[in-house]
Structure formats: structure tokens, C-alpha cells
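K.L.:
Sequence first, predicted coordinates after that:
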Amino acid sequence: MKFLIAPDSFKGSLTAKEVAQAIKAGIERVYPQAEYRLVPMADGGEGTVQSLVDATAGRLLTKHVTGPLGTTVAAQYGILGDGQTAVIEMAQASGIQYVNEQTKNPLVTTTYGTGELILDALDQGIKKIILGIGGSATNDGGAGMAQALGFRLQDKNNQELAFGGGALNRLDHIESQEADPRLQETTILIASDVTNPLTGENGAAAVFGPQKGASAADVAVLDHNLHHYANIVKRDLGKDLEHTAGAGAAGGLGMGLLAFTQAQMARGIDLVIEFTHLKQQAQGVDFVFTGEGGIDFQTKFGKTPFGVAKATKEVTPTAPVIVLAGNVGENIDSLYGSAAMDAIFATPAGVKDLDQAIADGKHDIAQTAENIARLLKATRTQQ
Ligand SMILES: O=C(O)[C@H](O)CO
């Protein structure tokens, strides 16, 4: 028997690798001689660095960079086992977790630290970067990142712009002469969490500004400033990106990356499937186990169990896909059939509060996997 075990993390509880190990531990009690292929997964969001580093036997680096409020934060990024690809989550440098009710203010927060992480990866000789964007505290269109990379964003007196989306209306011109030349030969694969455009009613400021502390008046200012910024980018860099899908992700960092670097948008889960070689790992397996902390109908919009189910069914259509989740939410019927999942199980044993469910996570996942394996064994023996 061959089992492919490819779950996401259970956020706030276990990394993807720990979930995979717990599933294996449970099945192994029933099938001690089986072959197990463990592939920790992610969908481009939080946990992608850890999962890709674990899946490829890569390494984690910690770098002190400029946080969204201009103070220093310690940010981790990864270099994959191939030694040539870096994986960065922008939120490690510029994420919403670095601000609180009093300090959150997208008029002043910056993506400068994300640019510093990119620079550090370039210093390591990296030429390909997977960049997960989302969960940001910022609305600066990636202007801070561009400044860190050596672009000069200046007002009409040739003074460098201050940090934050509130300063972008003063942008008069962009100078590219001092930009880091290594960017020309570096590919950035953007794993974006949303497909919003830069501006307008579905834009970065209107949709995500309020959660970052923007009042209704601030949203209007930020949206106007991003529109102005997009016009200057179009004039000085020759790229028209204001309405591009994903340009509004992470406060417009999506557009900033497309404007200032050699970047392409991709679905996070597709990148992870590619870099973990999931399809090769799925060849010839009898069963696929996947999972995530919480599953509901939204899982079919590109989250890990959906991606794993689709990808593995392409390669080995006969292998059932079994999904484990800490919480099973609304309307999961739509995940069966066309979304390629065969069975979904909630892992918590008994009724318990969230803290207890998190504390018991490993045990309950193993127990659920063991029970499923017992059922598989019983039905196979009877056939
Ligand atoms: O960071 C943000 O603005 C949201 O996660 C959308 O990308």
C-alpha cells in the first residue's frame, strides 16, 4: 500500500509537516509496512514558506528588516532544497500582525521591509522568488518595496517620498537608474491571495483598507493616491496595471511587483504543487490524504485540499482523496464530485472549545486517520 499525505497546516495549531506526520502516525498503526510519501503543502498564504522549506528540505533564514511602521522586525524567508529558489511571504516583513488598534494606519505603513527581503535573497544568488502576498498592514502600492530596491520615487522638488499610501499623491516622477540591476534577471512568481484590481470599488483601499485602519475618508484618499501612482507608473515605466487582476492584493503590492520587477501572477496552490513535485509523488499511490484547519465551500476557490485533489486525480484517478479538517463548515457538498474530494472528516474527538481542539490537534488527527485506515483495511479484506 502506498499513501500520499499532502495536507496544509492547521493554522494556529500545527505546521503542514506536523499534520502530515500525525496522519502518518495514525495510518501506520494499521498499515505498518506501507509506503508513505509526505508532502507538506500550502496555498500561497500564511505557512507557505515553512511548507515549501519542509517539502523540499530547504532552509529558513531570519533577517531584520523595516516593519510596516518603520521599526525593525525579524522576518523569516526560505531557500528551497534546489538552492536556487527563494520563498518569501510579504506578511513576514509588512504584515498586519505588526500593528494594533492604536497604530494601524495605511496612510503611513510601508512595504519597505518586503523589498529588503527580496534584496537579501538576491545577495544569496537567488534568481527565482516565490512571493506570497496578502495579510498586509499596508496600502502603499508596493512603493516602499520599490524604494528598498533602489528606485527613486520623488516629488516635484526631487525629494524622496515619505513612507505610506498617504504620500503617493506627491509622486511626481520615478527614477530607475539606481534600481538593483539583478532584478532584470530575477523572476518573481506572485502567489496572490486575491484578484482585486488596484483601484475603484473592488480596489485595494475600498475592500481591504478598513481592516488596516482606514476610515471612509482615508479610503477615498488612498484610492485617489493609488490612481495617481498608477498613472505615473504608466508614464515612467510604460506599464498600465491599474485594472490588472491581483494588482490590488496586499495594498497594491501586486501592482508594485508587476511594475518594478520581472513578476508574473500565479495561483499560490499551483506554485506549491509545482515546487513540491506533488504530481510525481502521486504516481502509483493507493490513497491520498490531505487536509486543512477549516474546510468549507470556499475551499474550492483554490485552497490546498482542492488543489491536491485535482492534481492527484489527474495523475492517479483511482486513488480516493480523503480530507481531514479541524473544522468542517458550510456547504461542503460542492466539494465532492467535480471538486475531486471523496470523503471529508472532522478530526476533533468530541465537543471541545477551540483551545482544547488546538491542544489535542496531533492526537485527534492521528486517531481519525487510524479509524479511516481501519475502515479501508476492513473493506479491502472483504472484497
Ligand atoms: O493584504 C491584503 O490587503 C489582503 O490580504 C488582500 O491581499
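P.N.:
That came through, no problem.

K.L.:
residue ranges with poor pLDDT in the stretch 251-383 of the chain?
P.N.:
The stretch 251-383 of the chain contains residues with pLDDT under 70 at 339, 381-383.

K.L.:
And stretch 296-313, what's buried?
P.N.:
Residues of stretch 296-313 classed as buried by neighbour count (16 or more other C-beta atoms under 10 Å): 296, 299-300, 302-313. (Each C-beta comes from the backbone N, C-alpha and C, glycine too.)

K.L.:
With stretch 204-223 instead?
P.N.:
Using 16+ other C-beta under 10 Å as the test for burial, stretch 204-223 gives 204-209, 212-214, 218-219, 221-223.

K.L.:
All the strands of the stretch 151-300 of the chain, residue numbers only.
P.N.:
Using DSSP state E, counting those that start in this stretch, the strands found in the stretch 151-300 of the chain span residues 152-154, 173-175, 187-192, 262-267, 287-295.

K.L.:
Which one of those strands lies nearest to the ligand?
P.N.:
strand 187-192 (6.8 Å; C-beta to the nearest ligand atom).

K.L.:
Output the contacting helices and strands for the closest one.
P.N.:
Contacts defined by 3 or more C-beta pairs under 8 Å, 6 or more residues apart in numbering; DSSP states H and E place strand 187-192 against strand 128-133, helix 253-260, strand 262-267, helix 268-275.

K.L.:
Kindly report the residues of this structure close to the ligand.
P.N.:
Near the ligand, the residues belonging to the chain are 134-136, 193-194, 208, 249-251 when assessed by C-beta under 6 Å from any ligand atom.

K.L.:
quick one on the thing from earlier: from the buried residues of stretch 204-223, pick the one nearest the ligand.
P.N.:
F208 (3.6 Å).

K.L.:
Just give the nearest non-adjacent residue to that closest one, would you?
P.N.:
G251 (6.7 Å; C-beta to C-beta, 6 or more residues apart in numbering).

K.L.:
From what I see, the one you found and A143 are in contact.
P.N.:
No: the criterion here is C-beta atoms under 8 Å, and G251 misses it with A143 at 9.9 Å.

K.L.:
who touches both of those two?
P.N.:
111, 165 (C-beta atoms under 8 Å, 6 or more residues apart in numbering).

K.L.:
Just the buried residues of stretch 225-243, please?
P.N.:
So stretch 225-243, judged by 16+ other C-beta under 10 Å, has buried residues 225-230, 232-233, 236-237, 241-242.

K.L.:
List just the nearest of the residues you listed to A263.
P.N.:
L241 (10.6 Å; C-beta to C-beta).

K.L.:
quick one: pLDDT of that closest one?
P.N.:
Per-residue pLDDT puts L241 at 98.

K.L.:
Would you check that it makes contact with A259?
P.N.:
Yes: L241 sits in contact with A259 when judged by C-beta under 8 Å, with a separation of 5.9 Å.

K.L.:
which neighbours do those two share?
P.N.:
With C-beta under 8 Å, 6+ apart, L241 and A259 have common neighbours V233.

K.L.:
What ranges does the stretch 101-250 of the chain have for its helices?
P.N.:
112-123, 143-148, 204-208, 216-237 (DSSP state H, counting those that start in this stretch).

K.L.:
Mean pLDDT for those helices - can I get that in JSON lines?
P.N.:
JSON lines is the format used below for the helices of the stretch 101-250 of the chain (pLDDT from 0 to 100):
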{"stretch": "helix 112-123", "mean pLDDT": "98"}
{"stretch": "helix 143-148", "mean pLDDT": "98"}
{"stretch": "helix 204-208", "mean pLDDT": "95"}
{"stretch": "helix 216-237", "mean pLDDT": "98"}
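
K.L.:
Any idea which of those helices gets closest to A179?
P.N.:
The nearest among those, by C-beta to C-beta, is helix 143-148 at 8.0 Å.

K.L.:
Give me the contact list for the helix or strand where K377 lies.
P.N.:
K377 belongs to helix 361-382 when assigned by DSSP states H and E. Helix 361-382 is contacted from outside by 10, 13-14, 18-19, 22-27, 29-31, 287, 289, 291, 322, 324, 326, 343, 345-349, 357, using C-beta under 8 Å, 6+ apart.
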